[in-house]
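[1] this one's structure only:
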């Protein structure tokens, strides 16, 4: 007897429905076809033990299972439950009239309990698109899938529950989530708050500008100055994610199995990979492509601590994603595209010893050592970082001060207002949403200067030996400062503040 059960395969951040056709006939043998990987080929042992321990068995007949489309490679152990239910239905051990109305996924333990799967959210979205009544999956992934409206989601803990549902009509408990309520939870209570940071008022201002315009930023300072502490708090002042952004971000984390019980992600992601990371781990890839760190930080912050310690080839592969806001991984038979629109925050010491021209420093470096250390960061990569800021150690008086600093929630209100101005400004441009994404043509249109401001910029570039690449960056940052002050035009004081944020372009740093 032939029975069809439905599962799903995830490629990139999209799902494709897989039809599992199970045919039980006279004879002996177990044949699984349709490009399954080793994890799926081994499933018959897990299925046999799980059924045996729950009062059922794999029939001693000829079983042929085809996973259609047969030319699409399937991977992972998430098809165990799909195959098991198909075998029981095809061998008439259970009744299953409504089998074609449900999408079924789950990994089986030997006692029949279900283990979590990856990609539950994209699968649920696809199931709703294709008109399935419900989605049966492990309880650990139920909240994640229940984000999708107009789809009945049933979280189960053991295969026996699924068998009784189809065979005896015993109801499964539907998991329901109020998506809007889940999304708004914890918005005003960030884990890391700028109120915890003592002193560093100028750096906080710089972070506010970076958040308001979506500018990439690099912090330069000695060890213990607070670079990492400040970077970790940047997501708390970014504008709250829209529902669309939250869904997009959750989909990427779902593909790598990082969502589970949390449901919809309401906080912007913050990723901080170690400097020994490979280029594949950073941008994504592998034999069966998976998202890398830059995609996991989509709609959030990617923090690269001690930037010159990263391998040069690792940093260079980021250049294209920083421009295109997505990364494409090509293989002989298919191409996968992952979104990667993130804010880059980097930190570094000014020298291998950690200090810059400080005679009292415990470790000093020669000018040649400093130049060699700083030259590890290429010009094209620096060209994509709008703001360079020096971070100095906090004096004791500030550290011991009991005064509470401004909270992230208050700063975020100003940032959100500035972003709203930019959204309105760029509403006619498809790929431009904030100032950091402006092209040269848009800079000329929206960053017009009066004669006094133009002269100020010219003088600064000549006296401070600022490079040509600094020109557009200064105008972009000045436009953001003007937006924070809700000014229609870019004024001289906006330009003068923006000039301060180009430390690495000055003579004596990178030449």
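    Structure received. Every value quoted in this text rests on a predicted model; they were computed, and no experiment measured them. Numbers count the residues shown, from 1 in each chain.
[2] Select the helix or strand of this structure having the lowest average pLDDT value.
    Sorting the helices and strands of the chain by mean pLDDT, DSSP states H and E puts helix 179-184 at the bottom, at a mean of 68.
[3] so what secondary structure elements neighbour the longest helix along the chain?
    When the chain is scanned for its longest helix (criterion: DSSP state H), the result is helix 408-425. Packed against helix 408-425 by the contact rule (3 or more C-beta pairs under 8 Å, 6 or more residues apart in numbering; DSSP states H and E) you find helix 201-213, helix 469-484. Where you see a C-beta, it was placed from the backbone N, CA and C, and this is true even at glycine.
[4] again, 10 Å this time
    When contacts are defined as 3 or more C-beta pairs under 10 Å, 6 or more residues apart in numbering; DSSP states H and E, helix 408-425 packs onto helix 201-213, helix 440-446, helix 469-484.
[5] what comes up buried for it?
    By 16 or more other C-beta atoms under 10 Å, the buried positions in helix 408-425 come out as 408, 409, 411, 412, 414, 415, 418, 419, 421, 422, 425.
[6] Take these and write them to TSV, including distance to residue 9 and pLDDT.
    Below are the buried residues of helix 408-425 laid out as TSV (distance: C-beta to C-beta, whole Å; pLDDT from 0 to 100):
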residue	distance to residue 9	pLDDT
408	40	87
409	42	87
411	43	93
412	39	92
414	45	95
415	40	95
418	42	95
419	37	94
421	43	95
422	39	94
425	42	93
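[7] From the residues you listed, pick the one nearest residue 37.
    residue 419 (43.9 Å; C-beta to C-beta).
[8] Against residue 416, how distant is the closest residue to the closest one other than its chain neighbours?
    Excluding its sequence neighbours, the residue lying closest to residue 419 (C-beta to C-beta, 6 or more residues apart in numbering) is residue 239, at 4.9 Å. Computed as C-beta to C-beta, to the nearest Å, the residue 239 to residue 416 distance reads 4 Å.
[9] so what's in contact with those two at the same time?
    Residues touching both residue 239 and residue 416 (C-beta atoms under 10 Å, 6 or more residues apart in numbering) are 211, 212.
[10] Can you point out the buried residues in the one helix or strand residue 50 maps to?
    Residue 50 belongs to helix 43-52 when elements are defined using DSSP states H and E. Buried residues in helix 43-52, counted by 16+ other C-beta under 10 Å: 43, 44, 46, 47, 48, 49, 50, 51.
[11] and it, what's its mean pLDDT?
    Across helix 43-52, pLDDT averages out at 95.
[12] And for stretch 247-263?
    84.
[13] Repeat that for stretch 206-224.
    For stretch 206-224, mean pLDDT is 91.
[14] distance between the ends of it?
    19 Å (C-alpha to C-alpha, to the nearest Å).
[15] So what's the gap between it and the chain middle?
    20 Å (C-alpha atoms, centre = their mean, to the nearest Å).
[16] starting at the chain centroid, how far to stretch 285-298?
    The answer for stretch 285-298 is 9 Å, by C-alpha atoms, centre = their mean.
[17] I'd like the numbering to begin with 21 instead of 1 from here.
    New numbering, starting at 21: the last item is stretch 305-318.
[18] re earlier: Provide the contact partners of the helix or strand following the helix holding residue 70 at residue level.
    Proceeding C-terminally, helix 63-72 gives way to strand 82-88 as the next helix or strand, assigned by DSSP H and E. Counting by C-beta under 10 Å, 6+ apart, strand 82-88 makes contact with 22, 24-25, 27, 29, 37-56, 60, 63-64, 93-94, 99, 102-103, 106-107, 110-111, all of which sit outside it.
[19] what about 6 Å?
    Strand 82-88 is contacted by residues 38-45, 47, 49-54, 94 when judged by C-beta atoms under 6 Å, 6 or more residues apart in numbering.
[20] do stretch 508-521 as well
    Applying C-beta under 6 Å, 6+ apart, the external contacts of stretch 508-521 come out as 407, 409, 467, 469, 472-473, 476-477, 480, 494, 497-499, 501-502.
[21] How about the residue nearest the centre of the chain: what's its closest non-neighbour residue?
    Taking C-alpha atoms, centre = their mean, the centroid of the chain lies closest to residue 316, which sits 2.4 Å from it. Among residues not flanking residue 316 along the chain, residue 291 sits closest, at 5.3 Å (C-beta to C-beta, 6+ apart).
[22] Backbone dihedrals for the one you found, please?
    phi -110, psi 130 (degrees, to the nearest 10).
[23] Hmm, it is touching residue 317, no?
    Yes. Assessed by C-beta atoms under 6 Å, residue 291 is found in contact with residue 317 at 4.1 Å.
[24] Pick out whichever of the two has more residues nearby.
    The neighbour comparison of residue 291 against residue 317 (other C-beta atoms under 10 Å) goes to residue 317, with 27 against 18.
[25] For that one, report the pLDDT, please.
    You'll see residue 317 listed with a pLDDT of 94.
[26] Next: residue 128.
    In this model, residue 128 is scored at 96, pLDDT.
[27] can you pull the contacts of the closest residue to it other than its chain neighbours?
    Excluding the flanking residues, the one nearest residue 128 by C-beta to C-beta, 6+ apart is residue 100, at 4.0 Å. Each residue near residue 100 by C-beta under 6 Å, 6+ apart is listed here: 63, 66, 127, 128.
[28] which residues in the stretch 271-420 of the chain form helices?
    Assigned by DSSP state H, counting those that start in this stretch, the helices in the stretch 271-420 of the chain fall at 299-303, 313-316, 332-336, 339-344, 387-394, 399-402, 416-419.
[29] Output the ones you listed in a markdown table; the columns should cover distance to residue 231.
    Compiled in a markdown table, the helices of the stretch 271-420 of the chain are given as follows (distance: least, C-beta to C-beta, whole Å):
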| stretch | distance to residue 231 |
| --- | --- |
| helix 299-303 | 23 |
| helix 313-316 | 19 |
| helix 332-336 | 23 |
| helix 339-344 | 17 |
| helix 387-394 | 26 |
| helix 399-402 | 20 |
| helix 416-419 | 23 |
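[30] Looking at those helices, which is nearest to residue 176?
    helix 313-316 (28.6 Å).
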